[in-house]
Structure formats: structure tokens, C-alpha cells
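Chemist: sequence and predicted structure are below.
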Amino acid sequence: MRRTQLYLDDDLWNALRTRARSGGTTMSELVRDAIRERYLGKLDERKTAMHAAVGLWKGRHDIGDSTAYVRGLRRGKRLRRISGA
């Protein structure tokens with residue numbers, strides 16, 4: 001965790017202070033929660049999205065074998081070509 005400093009106008013500072021006291025938490029925690037929700041999204045929403053993506057491509061036959069594709073790239077001249085060797 002890193003420390004930072006914020007400048008808040010009096011109305012915002014008073015609102016945060018009041019909310020922190022009534023909620024039994026700190027102003028810092030309220031700010032972190034607000035930033036987390038605004039810029040990272042809610043944790044449960046992120047977890048749901050991650051679980052929905054698990055196995056998304058499983059059982060697909062139209063895209064071929066990814067292992068064979070990658071091995072084919074490694075065998076080819078592509079690496080030499082892009083490295084300039």
C-alpha cells in the first residue's frame with residue numbers, strides 16, 4: 001500500500017468525516033472503497049465476469065489446436081525474421 005495526500009474542500013471533508021464516524025470506519029477506507037468501486041468495479045462483478053470466462057473456448061472445434069499452432073510458429077522462420085538474424 002502506498003501513502004498519498006488529497007486536498008478536499010470543506011464540504012467533502014465534513015461529509016467523509018461524518019460518514020466515517022457513523023460507520024465506525026476511517027476516512028481513508030471510505031476513499032479507498034469509492035475509488036475501488038469507481039475505477040475497478042465491484043469485486044463480486046469482477047469475480048462473476050472471471051468465472052464466466054473460464055472454459056469459454058473449451059470444446060470449440062472450429063479454432064483448431066492452439067498447442068499445434070504455437071509449435072508451428074516456433075518451428076517456422078518467423079522468429080528469425082522478426083529478430084533480424
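Modeler: That came through fine. Just so you know, these numbers come straight off a predicted model, no measurement behind them. Residues are numbered from 1 along each chain as shown.
Chemist: count of residues packed around Ala7?
Modeler: That one is not Ala; residue 7 is Tyr. Counted with other C-beta atoms under 10 Å, the neighbours of Tyr7 add up to 6. Heads up, the C-betas are built off the backbone N, CA and C, glycines and all.
Chemist: how about the one 5 residues further on?
Modeler: By other C-beta under 10 Å, 11 other residues sit near Leu12.
Chemist: that one: which element?
Modeler: Element membership of Leu12 [criterion: DSSP states H and E] is helix 10-23.
Chemist: next helix or strand past that helix?
Modeler: Once the chain leaves helix 10-23, the next helix or strand it forms, by DSSP H and E, is helix 27-35.
Chemist: where in this structure is pLDDT low?
Modeler: Counting by pLDDT under 70, the chain contains low-confidence residues at 76, 78-79, 85.
Chemist: can you rerun that using 80?
Modeler: Applying pLDDT under 80 to the chain flags residues 41-43, 57-66, 69-70, 72-85.
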